[in-house]
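Asks: The following comprises the amino acid sequence and a computationally predicted model.
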Amino acid sequence: MNVSITIDGKKIDCDFSKTVIQVAQENGTSIPHFCWHPSLSVSGNCRMCLVDVGMPKRNREGQIEVDANGNPITQFMPKLAIACSTQVADGMVVETKSDKIINAREAVMEFILINHPLDCPICDEAGECKLQDYAYKHSVGESRFEFEKVQKPKRVAIGKNVMLDNERCIMCSRCIRFCDEIVKEPSLVFSERGDNVTLTTFPGTSLDNSYSMNTIDLCPVGALTSKDFRFKARVWDMSFTDSICVGCSRGCNTTVGVRNNEILRLTPRLNENVNSYWMCDDGRLNTFEFVNKNRIKQPMIKRDGKFSECEWDEAISKTISELKRFSPSEILVIGSPFATNEDNFLLKKFAKQVLKTENICFFNHIVEGNKDELLILEDKTPNSFALKEFGFGNGNNFLQMISEKKIRAVYLLEDNIATDETIVNLLSNVDFIVTHSPNLNATTQIASVVFSSSTYAEKNGTLTNFEGRVQRIRPSVATLEHDRALDGFAMSRLDQFGAHNDRWTKGEKRDARSSWKIILNVANGFGAKWKYNTAEDVFKEICLNVKSFENMSYAKISNKGLLLKKMEMYV
Amino acid sequence: MIKKQIRKNDLNFFQRTYITEIFKGLSLTFRKIFQKKFTRQYPEEKWNPPISFRGRPVLVQEKNGTERCVACMLCARVCPALAIEIQADETFEYSKERYPKKFEINMLRCIFCGFCEEVCPEEAIVMSQEFELVFSSQDEAIFGKDKLLIPKEKLQNRLEFLRQYR
Amino acid sequence: MFEVFIESVLKIIIFFTVLISSSAYLVLLERKICAYVQDRIGPNRVGFKGLLQPLADLLKLVTKEDIVPKNANKFIHHLSPIISVAIAFSTMAVIPVGDTIEIFGKEIKLQIADVNIGILYILSLTSISVYGIALSGWSSNNKYSLLGGLRSSAQMISYEISMGLAIIGVVMTAGSLELDEIVKSQAGFKWNIFLQPIGFIVFLVASFAETNRTPFDLPEAEPELVGGYHTEYSGLKFGLFFLAEYTNMIIASAIIVTLYFGGWQIPFGENFISSSVVLSITQIFSFLIKVGLMLFFFILVRWTVPRFRYDQLMNVGWKIMFPLSLLNILITGIFYFLF
C-alpha cells in the first residue's frame, strides 16, 4: 500500500511499511545516524536521527483543517521523533533541517562526546569515522562537560581479528545486532549501566565467528578495529579500487586499499545481489597476502634443475621450441579457476587453434563442508563457473592419461595443482611443464618454464561467480607494464604528488604480465596473428563466441556485475 | 593616500628631457655610497634567530629517550610539500599505544611553513632554531629519527613560546 | 728607425699592461660601487678587502669548461671574442695620455701612434667592434644570442651616426682630426664641454650606447635575453667578452676626456709647475684622474638608470640624438662663420 508523505517540503510516494529514515535515504535526504543500519534491526538508541514529525490537523469530525490559502495545517508532535523507527503514514510531514532539529542534533552530539576520548590521533578509524564526520557537520565543536571522562578498558582483544577500545564505544549496538541477526552466533553484549556501559563478550568466549571483522566496518567509531590493519596506514594515504574477492566462488565485492603499491586491506563493498554489506574474515585477510609477498619477479627457466631468471622473449621462445617437439595429442592444456574469463578463453583458443590439442581441462578446488548459510562456499575458486561454460573438461579425467605417459607436455595457467604427493609423482612423467604463476609454490617447483603472471589485483578482467554473475576486477597494484596515472588507476595523494626521489613512491613493481597477454605472445610466437590490446578486446570476443556471454560488455557489467542470460531464471 | 599619477603629457619640455630626474637619481645613489652598510659577515658573525623563527622541524624527545610523537600522521597530512613520511606501529612500552616506527622528513621538500608544528596534538614536532642545513646527496637530505629527535630541554624555549598561543 | 720601433714596442707593452690590469680592477670597482650603492659591502674575502678578487675571477674563468654549442659555427664562435678584445685594445693606440716627455734626453710622445686622422681611426674601429658581438650572437646558434647580436648592431648603427656628427663639432673647434691637436686646442679652460655642451651630451649618450652599458645594455639584457650575445659563452671566451666590455668602457672614458675635458691638460698648469718632467707626470695623472672620474660616472649611471625599452632606444637615437647632433654642427658652423 502506498502512502504519500512530505519530507522537507518534497512530496514523496512510498510504501507504508518503510520508516522515515529509509524513505529519506532513498529520496536523497540523508538523516544523520549512528545505530541504524539498513541490514540490521532498528535499535533506536543513538538518538542522532531526530526529526520533526507531524500529521495534518483534524477537527473533531475527522476532517483535515485548512488555513486561509486552503493548505492543510500540520500539527507537529510535541517532541522530536527518531526517523529510524518512525513508520511513514499517509499525509505525514517530516522536517529534517529546521533549527529545532539542528539544536537537538548538536545536543545529542555533545552528549555522545561527553565520554568519548580525544583519541583521534591514535585511532585507526580517523578519516572514515562517522563520529568524526558528524562532529564537524552536526556539532558546535565545544563541550560544556568539565569533569573527568569515564575510564574503561582499552586495547582489549575481543577476538582473534578484532581489537576493542571500550572508551571509544558510543553504545550503538550495531556489532551486537550483527552477531545476533546476520551471523546468528550471539557473542557480544553490553554490561554495566549508565555511563559505565561496556561492550563485552559472553564470559569465557570471544568474538571469533567467521564474519567478526564486519563489526569493524559497522562500528561508527574506532571502538572496534582490525588487528591486522592496526596502525598500518591512514585511510587518507591509501587509494581505493573496486575489486572482487577471490577467496571462494561467492565473488564478494570488495574495495582494495593500496599504499605504496602494496595492498594493506580489503573491505567489503555493497552489492545486494552478491554479498550485501559483508564479507568473511577469511577472504578479507587471506586474499591479498600473495599479492604482496612471495612473488615471482621475472620469468624463469629451469636449467640443470635450477631456476634462473630470464627475459620474456627468452622464456617465450624456449616455450615455443619445447612445445613444438610434441604432437598435439601429447599436450595437455590446464585452465585455471583462479584466472579471469579473458585468460581462460584465450588459453582455450590457443589450445584449439595453435596447439590443435583437444586435451583441455581444469581442476576444481572444493573443500568439502567448508561452507555456511551466509556467504562462504565450498568451491574455493572465483571463476570455476566460467571454465565449465567455456567447455574445459575435468582435470581428474586426464590424470589417467598422464600416468600412461600419453601426455608429455603440460601448459598450465595460474593454478597450484601439485598439492599432494600423488599428483607430483604423476607430473614427474611429463617431459615439459610450462606454467603461469604469480607466486612461488609447489607447482612452479616442478615446472620447466615459469611465466610471472599478474594477480587479480594487477589486471583488468572479469570473474564469473557460482551463480553465473560476471563481475569486473580492476588493477590496483602496478606492475612494470602499468603506469598508475596513465592507466587510470585509483590514485592516492601520495601517488599523485610523489617524485622519483621520494621513498614513499618506491613500492616494488614486479615484472609480471596478465596471463592473457602472455598467451597472446606465445601464440603469436607460433605464428598466430592475434591482435588484442586490452582485456576488453578479449572480452568482446568472448561475448561473440560464447553464447551465454552474449551482449555483455565491461560498461554493462560496471561495478555491480551482470548475470549470465541463461542463469537469470534461477535467481 | 594615492599619489596623483603624472603622465607624460602633463610635463613641460624641460621636464620631459628627464635631465633633472637623472641627476636626482645619481645624487641618491651617490649619497648611498657613504651610508651605513647592513652586511653581516655570516660564517664568523652568527645570527641568533628570534624564538618565533621557524628553523628545521625536529621531534621532541622525552626524558626516557622516546619521542612524544604518537604517529597520528596529521603533520604528514597537513604538510603542503609532502615532506613527512611516517610508519606507525604498536608499542606496549610507556603510556602510549602507538609510536612512529619510521619518521622521515625530506628536507629537500620541507618549506619550513610550520604547519606540522601547528597541527601537532602532542607538541611532538616543533620548529627549531637551526637553519644551517647542508647535504651532499638527495638521500642524505632525508632526516630519520636519529637526526630529528632533540631532547626536550633544548626545545624548552620554543615549547613555551608555543604555549602562549594555545 | 730601430729606436722608433723599440720605443713603440715599449709603449705598447706599457699601455697594454696598464689597460688590461685596470680593466680587471674596474670589474672589482664596479662590484664594490654597486654594493655600496645597495647598502652592501661587496667582495671582501679574497685578499685584503677583496683586492685579489680579479685574480680569483680570472682563475675561475680560466679553469671553467669551454662549451661550444652543438651546431654552432665553431670558427666564428671562437673568433668573435677575439675580435671584440682586439678592437677594444687597438683603440688605445691613438689616445694621448700626456704631452711629450723628456727621458734621457730623448723626446717621447705619450701616445702610441700620433696619427693625423686619429678620430677617424677611432670611429672606424668602433664600427668594426660591432662584428664581435653580432658574429658571436649569430654563431652561437641560439635565439637569445642572435637577438642580442641583432639588437647590438641596430643600436651601434643608430648611435654611431650621432656620435660621428657630435665629433664634427669638436673637429670644427679644434680644426684638426689629430687627437693631440684637439687636446692642445683645449688649453686653459677652453674645454670642449663648455664650447660644445650639446655635442658633449650627444657624445656621452652615444658612448654609453656604444659600450653597451646601462641604460643601453639591451644586447645583453639579462631578464629577457639571458645574457644576449654571450649566452652560449663560457670560461675564457666569456672572460674575453667581459674584458672587452670593461676595456671599451675605459677607452670610451678616455676618448670623452680627450675630446671634451681637455685630455691631459691641467688648466693653467704651466703657470705653477716649472719643471717640464714634473709637469709631464702631473699631466699624465691629470688624464688618469679625469678618466677615473668618468669611469665612476659610468658605473654610477649603471646602478641608477634602468634599461631602455627597445622602442625608446630607437626613439632616443633617431629622433633626439640625431637631430641634436645636426643642430650642434649648425650652431658651431654659424658661430665660426660669424666670428
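Replies: Happy to help now that I have it.
Asks: What about residue C:11, how many residues nearby?
Replies: Residues within reach of residue C:11, counting by other C-beta atoms under 10 Å in any protein chain shown, total 18. From N, CA and C alone the C-beta is placed, and that goes for glycine too.
Asks: Chain neighbours aside, what residue packs nearest to the residue of chain A found nearest chain B?
Replies: In chain A, the residue that lies nearest chain B is residue A:121 (3.2 Å; C-beta to the nearest C-beta). Closest residue in space to residue A:121, ignoring its immediate chain neighbours: residue B:72 at 3.2 Å, by C-beta to C-beta, 6 or more residues apart in numbering or on different chains.
Asks: My read is that the one you found contacts residue A:118, right?
Replies: No: contact criterion C-beta atoms under 8 Å: residue B:72 and residue A:118 do not qualify, at 11.1 Å.
Asks: Residues that sit against both of the two, list them.
Replies: Listed contacts common to residue B:72 and residue A:118 are residue B:121; contacts here mean C-beta atoms under 8 Å, 6 or more residues apart in numbering or on different chains.
Asks: Look at the two and report which has more neighbours.
Replies: For the pair residue B:72 and residue A:118, the greater number of neighbours falls to residue B:72 (24 against 10), based on other C-beta under 10 Å.
Asks: Name all residues that make contact with the more buried one.
Replies: So residue B:72 contacts A:120-122, A:126, B:98, B:121-122 (C-beta under 8 Å, 6+ apart).
Asks: host element of it?
Replies: Secondary structure assignment for residue B:72, by DSSP states H and E: no helix or strand.
Asks: Pull the residues that contact stretch A:81-90.
Replies: A:3-5, A:14, A:16-21, A:23-24, A:31, A:33, A:35-36, A:42, A:44, A:47, A:49-53, A:55, A:94, A:96.
Asks: what's the spacing between that stretch and its chain's center?
Replies: 33 Å (C-alpha atoms, centre = their mean, to the nearest Å).
Asks: Mind listing what's buried along the longest helix belonging to chain B?
Replies: Counting residues, the longest helix found in chain B (DSSP state H) is helix B:19-33. Counting neighbours by 16 or more other C-beta atoms under 10 Å in any protein chain shown, one finds that the buried residues in helix B:19-33 are B:25-26, B:29-30, B:32.
Asks: restrict those residues to those near chain C?
Replies: Among the buried residues of helix B:19-33, the residues lying close to chain C (C-beta under 8 Å from any C-beta of the partner chain) are B:25-26, B:29-30, B:32.
Asks: Quote the end-to-end distance of stretch B:124-142.
Replies: 19 Å (C-alpha to C-alpha, to the nearest Å).
Asks: repeat for stretch A:233-247
Replies: Criterion C-alpha to C-alpha; first-to-last residue distance in stretch A:233-247 is 24 Å.
Asks: buried stuff in the strand or helix carrying residue C:83?
Replies: Here residue C:83 sits within helix C:74-90, counting by DSSP H and E. For helix C:74-90, the neighbour count (16+ other C-beta under 10 Å) marks C:77, C:79-81, C:83-85, C:87-90 as buried.
Asks: Dump these into a markdown table; add distance to chain B as well.
Replies: Formatted as a markdown table, the buried residues of helix C:74-90 follow (distance: C-beta to the nearest C-beta, whole Å):
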| residue | distance to chain B |
| --- | --- |
| C:77 | 35 |
| C:79 | 38 |
| C:80 | 33 |
| C:81 | 31 |
| C:83 | 33 |
| C:84 | 29 |
| C:85 | 30 |
| C:87 | 30 |
| C:88 | 26 |
| C:89 | 30 |
| C:90 | 32 |
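Asks: contacting residues around the spatially closest residue to residue C:66 that is not a sequence neighbour?
Replies: Nearest residue to residue C:66 in three dimensions, chain neighbours excluded: residue C:235, at 4.3 Å (C-beta to C-beta, 6+ apart). By C-beta under 8 Å, 6+ apart, the contact list for residue C:235 reads C:61-67.
Asks: No more questions from me, cheers.
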